[in-house]
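Student: sequence isn't available, so here's the structure alone:
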């Protein structure tokens, strides 16, 4: 017998699919230099986003107030359990894995259309980085905290001669040793999937400690990527595979980047599914469309007219005095930030902090090598600073994030 909740999900998806058949929807003309899709596990929107959820997911909730973050309150997964949803997001269909989280029963490697093969055919690049994957192209089921069901790209890996819609093992690689450090993010492929292990993706453990673990992983591993994204025309998509089977499959989805326009009301309320996210990526890079993405529409309403050059907005005036620099610790910050100079300032220098709208929120005097500023009253988001002084010979500026984690 089908439950009332399941009937609600079915009716909703029918409505979404019929409403999404718009092939002429437009995206900004210039696509992102990179898109990173980061996938978490098994929680509903209301369990991750909002005042009560912020106790357990403070970093993710801090992002929602950032001017460069689009928050979608009506994002939906397609089905249950995990594996079909990963495949829906990657290939526009579940590839026959309905109701299954095991090794696919059909022929592997598969030969059906998928995002990775589409991008490669267009001369672009794609890689899935899986935390805990033993080696590139490893086709075993589960090892430690790595679950194959969370790595859809692996289903098209051919270690011999790739056939139709297939590719080599370099498309499915471990996070360790392959995910670039912050100094080398420019080496990221055109599009990548970043899949944490089963603890860091909130899958394992019990509520709410597993949410706390996943949010901490975000803070420790993704904050530098988000800062880099703002300066490098990069879009980061944070989404979940499915809900906890109790909220109509309504999942959290956030878009973050210099091309993103936050909703004036705080959240976008237009309904969409994994198929629409896939279609958005495909349409931006001019690929063919996989599975149900062909009959879905791109998300066209959450973008700025053109990407903001955040680094240019900083107005960095590096080094009127050679080798002068300022370090911010911690970044992201909570209730306090410390400005540390590599040179001792012998006269009063001015530190000015402004918010994303250019409003001055702090103006302080700095002498010596450090200055602490109380940020407990700052709203979460992106801030800019400028240090000037020493008779006009010093000028240095940068940015930091307040997350109140």
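Tutor: Received it, and whenever you're ready, just let me know what you need. On a predicted model such as this, the values are computed, not experimentally measured, just so you know.

Student: measure residue 384 to residue 307 for me?
Tutor: If you measure residue 384 against residue 307 using C-beta to C-beta, to the nearest Å, the figure is 17 Å. The C-beta positions use only the backbone N, C-alpha and C, and glycine is treated the same way.

Student: actually residue 74, not the one I typed
Tutor: Here residue 74 is placed at a distance of 25 Å from residue 307 (C-beta to C-beta).

Student: settle it for me: which of the two has more neighbours?
Tutor: Between residue 74 and residue 307, counting by other C-beta atoms under 10 Å, residue 307 is the more crowded of the two (21 against 17).

Student: neighbours around residue 388, how many?
Tutor: Counted by other C-beta under 10 Å, the residues lying close to residue 388 total 17.

Student: okay, it: pLDDT?
Tutor: Listed pLDDT for residue 388 reads 79.

Student: phi, psi of it?
Tutor: phi -140, psi 150 (degrees, to the nearest 10).

Student: after the helix or strand of the chain with the lowest mean pLDDT, which helix or strand is next?
Tutor: When the helices and strands of the chain are compared on mean pLDDT, DSSP states H and E, helix 4-19 comes out lowest with a mean of 48. Moving toward the C-terminus from helix 4-19, the first helix or strand encountered (DSSP states H and E) is strand 34-40.

Student: the residue lying closest to residue 250 once chain neighbours are set aside: what's it in contact with?
Tutor: With C-beta to C-beta, 6 or more residues apart in numbering as the measure, residue 45 is the residue that lies nearest to residue 250, at 4.9 Å, once sequence neighbours are left out. If a contact means C-beta atoms under 8 Å, 6 or more residues apart in numbering, then residue 45 has 73, 75, 243, 247, 250-252 as its contacts.

Student: gap between residue 45 and residue 60?
Tutor: 11 Å.

Student: shared neighbours of the two, which are they?
Tutor: residue 252.

Student: list the contacts of stretch 164-174.
Tutor: 109-114, 116-117, 120, 126-138, 151, 153-154, 156-159, 162.

Student: pLDDT wise, what is the residue nearest to residue 250 at?
Tutor: Here the pLDDT value assigned to residue 45 is 98.

Student: same check on the one 3 residues further on?
Tutor: pLDDT, residue 48: 97.

Student: got the contact list for it?
Tutor: 57, 60, 211, 240, 252.

Student: neighbour count and distance to residue 294 for those - can I get that in a markdown table?
Tutor: Conversion of those to a markdown table gives the following (neighbours: other C-beta atoms under 10 Å; distance: C-beta to C-beta, whole Å):
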| residue | neighbour count | distance to residue 294 |
| --- | --- | --- |
| 57 | 27 | 34 |
| 60 | 25 | 32 |
| 211 | 21 | 35 |
| 240 | 28 | 24 |
| 252 | 25 | 26 |
